[in-house]
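Colleague: Predicted coordinates and the sequence they were generated for:
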Amino acid sequence: MNIIVCIKRVPQTAEAEVKVDSSGKDIEKDRLIFDTNESDTYALEEAVLQKEKFGGSITVITVGDEDSEETLRIALAKGADEAIRIKVEDLDELDGFKTAQILHKIIKDMDFDIIFTGCLATDDAYSQVGTTLAKLLEIPHASLVTKIELSENSADAYRELEGGLLEHLKIKLPALFTIQTGINVPRYASLIAIRRAARKELNEISKTEFGEMKSNSFIEELFTPPVSKLAEILSGNPDEVSEKLTGIIKEKGLI
C-alpha cells in the first residue's frame, strides 16, 4: 500500500494574540510558534496505521520554505519513509487552488494507492486543497473522513454530514481522503526517531520547474471584525429575566 500524505506547517494562533501586519494581507508571525497543521497530524497517523496493517511505504509532501523541513523530519520520525519539499518562498501568494496545482504536478507521476490530507488548514481555513487535488488527478475522493477501512482495491469511508449524520461510501482505489481530527490518536515522535530523521535526505523540488500557476482568487484585505454592540447581561431571578428578555424581543419586533 503506497500512501502519500500532504502536510503543512502553520502558525499556532489558538492562544496567541493575533495582529494584522503592515501589508494588511497577513498576520504578524515573528513571535508565533509553528507546528504541523492539526488535521494533517491525524492524516499522517492514519497513514502509519494503514502501513502497519498492510505494509507499503509513506511519502510526505509539503509546499513551503526552508523552515518546513522541520515539519517533514517530524513526519519521518513518526513513520514516513520519504519526504518531499516543494520549494516555495512566496507563500503569501498561494491559495488553495495554486497549492493543489503544485501538488498535482508532483503526484501525477508517482505510484500511489491512497492520498491522505487534513480536512482543513488552521491558518487559512480554505478546506480546498484535498478535494481540488483529487479533481486534478481525476480520482475519487471523500472529505471529512472520521473512519476508514481499507481492502486491497477499495475503501469503506465514513464521513461527517450536517445535522450529526454519517455517510458510508465504498470507494475504489486509488483515491484521496481528507481526514477529520479525532479519527485516531496521533503518536509522538521518540527522541531516537527524531535523531534518525535528522540524518535522512529530503527531496527538494523547485516550484519554478512547473511554470506559472494561475488562480482567480487573492487576498484583498485582512482585518479584525469591528466591534458593534456588546452583549447585554440580564440579571435577576428567572421570572425577572424572562420578562426582560420578552420585552427586548418585542421591542426588536421579533414577535
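Modeller: Received, thanks.
Colleague: Output the below-cut-off pLDDT ranges for the stretch 51-200 of the chain.
Modeller: 91-92 (pLDDT under 70).
Colleague: quick one, helices of it?
Modeller: Assigned by DSSP state H, counting those that start in this stretch, the helices in the stretch 51-200 of the chain fall at 68-78, 96-107, 129-137, 191-198.
Colleague: residues in contact with the longest one?
Modeller: Contacts of helix 96-107 from elsewhere in the structure, counted by Cβ atoms under 8 Å, 6 or more residues apart in numbering, are 4, 6, 61, 63, 84, 86, 88, 94, 115, 124, 126-129, 132-133, 136-137, 205, 207, 210, 213-217. Using the backbone N, CA and C atoms, a C-beta is placed for each residue, glycine as well.
Colleague: And the shortest one, by the same measure?
Modeller: In this structure, residues lying in contact with helix 191-198 by Cβ under 8 Å, 6+ apart are R73, I74, L76, A77, K78, A189.
Colleague: Could you work out the most separated pair of those?
Modeller: Maximum pairwise distance among those (Cβ to Cβ): 9.8 Å, between R73 and K78.
Colleague: got a list of what the closest residue to V63 other than its chain neighbours touches?
Modeller: Closest residue in space to V63, ignoring its immediate chain neighbours: I86 at 4.6 Å, by Cβ to Cβ, 6 or more residues apart in numbering. With contact set as Cβ under 8 Å, 6+ apart, I86 has these partners: I61, T62, V63, G64, I102, L103, I106, E204, I205, S206, K207.
Colleague: and the fourth one, what does it touch?
Modeller: In this case it means G64. Applying Cβ under 8 Å, 6+ apart, the residues near G64 are K8, R9, T71, R85, I86, V88, L91.
Colleague: now those residues: which count as buried?
Modeller: Using 16 or more other Cβ atoms under 10 Å as the burial test, the contacts of G64 include K8, R9, T71, R85, I86, V88 as buried.
Colleague: ok, how many other residues are close to the closest residue to the first one other than its chain neighbours?
Modeller: Once its chain neighbours are removed from consideration, K8 has its nearest residue in N37; the separation is 4.5 Å (Cβ to Cβ, 6+ apart). Neighbours of N37 under the rule other Cβ atoms under 10 Å: 21.
Colleague: For N37, give me its contacts.
Modeller: I7, K8, R9, V10, G118, A121, T122, D123.
Colleague: Would you mind giving both backbone torsions of it?
Modeller: The phi and psi values for N37, taken as degrees, to the nearest 10, are phi -50, psi 140.
Colleague: Next, find the distance separating it from D123.
Modeller: According to Cβ to Cβ, to the nearest Å, N37 stands 8 Å off from D123.
Colleague: Distance of the closest residue to L245 other than its chain neighbours relative to I248?
Modeller: Distance criterion Cβ to Cβ, 6+ apart; nearest residue to L245, sequence neighbours excluded, is L234 at 6.2 Å. Distance of L234 to I248, computed by Cβ to Cβ: 8 Å.
Colleague: Check T131 too.
Modeller: Going from T131 to I248 by Cβ to Cβ gives 43 Å.
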